[in-house]
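Visitor: got a predicted model here, sequence first, then my questions.
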Amino acid sequence: MRLDVPLAKRRAAGAIVSTDPLITIGKHEDGLPMGLASLFPERFESKPSLHFMGLDWTAEPPDEVALIAEELADARRRLPLARFVFNVNTHYEAALFSRAGIPNIVANGMSFVDERTFVPPPAPFAERRYDAVYTARLDPFKRHELAAKIPTLMLVYGTPEEGELEHVKSILPHAYYANHDVEPGRYQHIHHSKMSALLNQCSVGLCLSAEEGAMRSAMEYLLCGLPVVSTESVGGRDRYFIGPHTRVVPPDPDAVASAVADLKARAFHPIAVREYVSRLVAFDRHNFLTSANKIIERELGVRDRFRSFAPFAGAAVRWRLVSEIEEEFDRR
Amino acid sequence: MRAARFVHGFSRARSLPAGDQRSILNRDSQIHSDRAMPYDSDHAGTVISADPLVIYAMHAPGRPLGIAPAHAAALRGRKALLLLALDATIEVEGAAGELARDLKSAQADLPDVNVVVLANTPFEAYLLADLRISAMPGSRSIFVDESVFKPWDGPAEFDAVYNASLTPANRHELARDVTRLALIYDRDRSNDPNRLDELKAKLPRATFVNHAEGQGAYRHLSPEECDRHINRARVGLCLSRTGATVAAMEYMLAGLPIVSTPSRGGRERYLLPPFCRLVDDNPPAVADAVDVFVRKPVPKAVIRNHALHMLQFERTNFLIAINNLAKEFFGVETLFASFAPFQIGLISPRDPLPMQAPEKAAS
């Protein structure tokens, strides 16, 4: 449990959802294998705690689960009073984790996206300026080149690494680079509260990586009422890709562009898209809450700790400054 | 991909009654007659894919792998994926540990059989993970046949229907205050011959459908008949403390809202408002909740569409996982292109499918 970045500058996903009993939700990520327990280990030394942890990357490829099992064993030695539950993104991950003896429940990270932040525009709906939007780091694994045949395209992204912006611009010279438009020539982070306004200028959301985790932005598109075109993928983002508003296509620029054109032409009512996925999310949240309460009762002896999903919405999947998270030890 | 029963040979397989094809799933409701698979001493599971071999079976007392010992022995040295459903919840004290011990012992001489427990709740899967047993969500309710359970037009004559065997665990007494009540039930599994008389005394206004249909003698109802009788009521009841209660999904597919007491073991997974009212364990609370739905009915099509939406979601994600397991165990891409083999193999009302001996399946 070592941090390679000074704590004050570190960002992490998660929240202290209960101080009595002590319960956190966080993410298994680089440098923080046990989420918030890795971030603040001293706070969990002297009293029992329970930690729900999502996965920031798929655990389906071979050997991933064995590594997590080792990390779990280390954490149990370091914090014998702490209990850990992995929120896995797919049923298959559940089978793999349970075979390895790692406690888990299926609780796809996409179901934690805050539906109050990502909303369709008020009616009447304005014309959408872009055929598609892709919210994704400019990292090669996101395969921006698969969007090359889409006529008008918006890109929203995290801080690019050196050379990434130039590389993507060479592939997609016609795209609108939203994060460089706020202050021309300089990267500017776009706060999540401003995201809906951007997404609502676009007809279709894109998911183009071959492998990652649950992909939060796929749910952001759907909650804003955008249909989604995704390539086949590993990691769990396809959990919600049922029904008429989503298309899963081969990793080919023509197939992507054709599916975008098709879904755009169908002009789904944004509320219908949001409503369709919201029912699935409500189902998943209902089951997360039921399971979480049972686990809390078993591990910490407190019955029906959570009556609503509200403490879990949003914070579990949004990266924040560590100091913001730490304040919650005293608040809740 | 052909669905077939996994049995030792053709002759015995063909002698199995057609009803068994569809009765594997539920021990709680009437459609699971006394011929129901979990209690069949010759039970051999259901082959979902013959080559590679994928079997669905139901864990039951004395049958840790869900298949009778003779059939289990036939799996020795064979590579197979065994999807093991649970006939009773393991969310009760000690049950998960007992299941884990049974499974480890049964699997000891079947090293090439990969068992994945299909848990009725995520918490069941969690408990098994703690014991290093491969498990994933796979509720029995996702196999209910929506082409059998569907809404019928016409006025409802009962306020509520309860489709549950007459065992004390199902707590029929909690329906005491429902004015117009229909009961559909299996033959009594409680080994208590007085249970029917006892309930008739406690629920004097209730219509005991199976005996009414048999003019005083018990008559087994087909799933289609069950659906017709479910449609004679406005609300479906779920009153036991535990169990997957597949009947809840049957009610919803038939378009009925549900009144349920708190429970463990699976049905709570699908009981979301506004189509379900969760009430305390007492007769007035049950009757009041029924009354709310009777006075303010929800359109049947809305409830059915909600159930179908959840089923599609559950089945899609189940199928993705099964295909990933098949890829891992057998190296086969997309073994199942659709959910159909699971439905056909498990519950479709039809004559026994052509059987396939395991030796042939493996060749």
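Guide: Structure's in. What do you need?

Visitor: surely A:I25 is in contact with A:A313?
Guide: No. With contact defined as C-beta atoms under 8 Å, A:I25 does not reach A:A313; the gap is 10.4 Å. All C-beta atoms are positioned from the backbone trio N, CA, C, and that covers glycine.

Visitor: mind checking which of those two has more residues around it?
Guide: It is A:I25, of A:I25 and A:A313, that has more neighbours when counted by other C-beta atoms under 10 Å in any protein chain shown, with 27 against 19.

Visitor: who's in contact with that one?
Guide: Counting by C-beta atoms under 8 Å, 6 or more residues apart in numbering or on different chains, A:I25 touches A:14-15, A:17, A:35-36, A:51-54, A:87, A:112, A:312, A:315-316.

Visitor: 10 Å - rerun?
Guide: Counting by C-beta atoms under 10 Å, 6 or more residues apart in numbering or on different chains, A:I25 touches A:13-18, A:35-36, A:50-54, A:85, A:87, A:107, A:112, A:292, A:311-312, A:315-317.

Visitor: that's a helix at it, yeah?
Guide: No. Applying DSSP: H, G, I helix; E, B strand; the rest coil, one finds A:I25 to be strand, outside a helix.

Visitor: helix/strand/coil for A:P173?
Guide: On the basis of three-state DSSP, A:P173 is classed as coil.

Visitor: actually A:G213, not the one I wrote
Guide: Assignment for A:G213 (three-state DSSP): coil.

Visitor: my guess is it contacts A:A13, does it?
Guide: No. At 11.1 Å, A:G213 does not count as touching A:A13 under the criterion of C-beta atoms under 10 Å.

Visitor: need the residues touching each of the two.
Guide: With C-beta under 10 Å, 6+ apart as the test, A:G213 and A:A13 both reach A:27-29, A:54, A:56, A:109, A:317.

Visitor: out of those, flag the one nearest to B:F143.
Guide: Nearest to B:F143 among those is A:G109, at 27.9 Å by C-beta to C-beta.

Visitor: now the stretch 251-363 of chain B against chain A: closest residue?
Guide: Closest approach between the stretch 251-363 of chain B and chain A, counting by C-beta to the nearest C-beta: B:A321, at 3.4 Å.

Visitor: burial check on that residue, number of neighbours?
Guide: Counted with other C-beta under 10 Å, the neighbours of B:A321 add up to 22.

Visitor: please apply the same query to A:E275.
Guide: Here the number of neighbours of A:E275 (other C-beta under 10 Å) works out to 11.

Visitor: B:H306 is in contact with that one, correct?
Guide: No. Contact criterion C-beta under 10 Å: A:E275 and B:H306 do not qualify, at 11.9 Å.

Visitor: so where do the helices sit in the chain?
Guide: The chain I'm using is chain A. Remark: helices assigned in chain A by DSSP state H are A:36-39, A:64-78, A:91-99, A:164-171, A:195-199, A:216-223, A:253-266, A:270-300, A:322-331.

Visitor: my question was about chain B
Guide: Ranges of helices within chain B are B:10-15, B:69-73, B:95-107, B:122-130, B:195-202, B:209-213, B:223-230, B:247-253, B:283-295, B:300-330, B:340-346, B:358-362, based on DSSP H.

Visitor: just checking, which helix or strand of chain B averages the lowest pLDDT?
Guide: helix B:10-15 (a mean of 24; mean pLDDT, DSSP states H and E).

Visitor: returning to what we had before: which residues do A:I25 and A:A313 both contact?
Guide: A:15, A:112.

Visitor: quick check: bridge partners of A:E211?
Guide: A:V234 (DSSP bridges).

Visitor: count the neighbours of it for me.
Guide: Neighbour tally, A:E211, other C-beta under 10 Å: 12.

Visitor: that one contacts A:E64, doesn't it?
Guide: No. Judged on C-beta under 10 Å, A:E211 makes no contact with A:E64 at a distance of 11.0 Å.

Visitor: tell me how many other residues crowd the residue nearest to A:L165 when sequence neighbours are not counted.
Guide: Spatial nearest neighbour of A:L165, excluding adjacent residues (C-beta to C-beta, 6 or more residues apart in numbering or on different chains): A:L138 at 6.0 Å. The tally of other residues near A:L138 (other C-beta under 10 Å) stands at 22.

Visitor: could I get the phi/psi values of A:L138?
Guide: Backbone torsions of A:L138, given as degrees, to the nearest 10, read phi -80, psi 30.

Visitor: so it touches A:E161, yeah?
Guide: Yes. Between A:L138 and A:E161 a contact is recorded at 7.7 Å, counting by C-beta under 10 Å.

Visitor: who touches both of the two?
Guide: Common neighbours of A:L138 and A:E161 (C-beta under 10 Å, 6+ apart) are A:H167.

Visitor: which residues are in contact with the residue nearest to A:L165?
Guide: So A:L138 contacts A:144, A:155, A:157-161, A:163-169, A:177, A:179 (C-beta under 10 Å, 6+ apart).

Visitor: from the residues you listed, which is closest to chain B?
Guide: Closest to chain B out of those is A:H144 (25.8 Å), distances taken as C-beta to the nearest C-beta.

Visitor: C-alpha coordinates for stretch A:126-139, PDB please?
Guide: The C-alpha coordinates for stretch A:126-139 follow below in PDB (Å, rounded to 0.1, in the frame of the first residue of the first chain):
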ATOM      1  CA  ALA A 126     -32.600  21.800 -30.300                       C
ATOM      2  CA  GLU A 127     -31.000  20.400 -33.400                       C
ATOM      3  CA  ARG A 128     -27.900  18.400 -32.600                       C
ATOM      4  CA  ARG A 129     -24.700  19.800 -34.100                       C
ATOM      5  CA  TYR A 130     -22.600  16.700 -34.000                       C
ATOM      6  CA  ASP A 131     -23.400  13.200 -35.200                       C
ATOM      7  CA  ALA A 132     -21.500  11.600 -32.400                       C
ATOM      8  CA  VAL A 133     -19.500  12.300 -29.200                       C
ATOM      9  CA  TYR A 134     -16.700  10.300 -27.700                       C
ATOM     10  CA  THR A 135     -15.900  10.900 -24.000                       C
ATOM     11  CA  ALA A 136     -12.600   9.100 -23.600                       C
ATOM     12  CA  ARG A 137      -9.000   9.700 -22.800                       C
ATOM     13  CA  LEU A 138      -6.900  10.300 -25.900                       C
ATOM     14  CA  ASP A 139      -5.000   7.000 -25.100                       C
END
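
Visitor: for that stretch, buried residues please.
Guide: A:128, A:130-139 (16 or more other C-beta atoms under 10 Å in any protein chain shown).

Visitor: A:I25 bridge partners, please.
Guide: A:A15, A:F52.

Visitor: for it, give its distance to B:N210.
Guide: Between A:I25 and B:N210 the distance, using C-beta to C-beta, to the nearest Å, works out to 49 Å.

Visitor: next one: A:L280
Guide: Distance of A:L280 to B:N210, given as C-beta to C-beta: 37 Å.

Visitor: now the residue nearest to A:I171 when sequence neighbours are not counted: how far from A:S170?
Guide: Nearest in space to A:I171, with sequence neighbours left out and distances taken as C-beta to C-beta, 6+ apart, is A:E145 at 4.9 Å. Distance, A:E145 to A:S170, by C-beta to C-beta: 10 Å.

Visitor: name the residue in the two with the higher neighbour count.
Guide: Higher neighbour count among A:E145 and A:S170: A:E145, with 17 against 9, using other C-beta under 10 Å.

Visitor: I'd assumed A:P253 was in contact with that one.
Guide: Yes. Using C-beta under 10 Å as the test, A:E145 is close enough to A:P253 to be in contact (7.0 Å).
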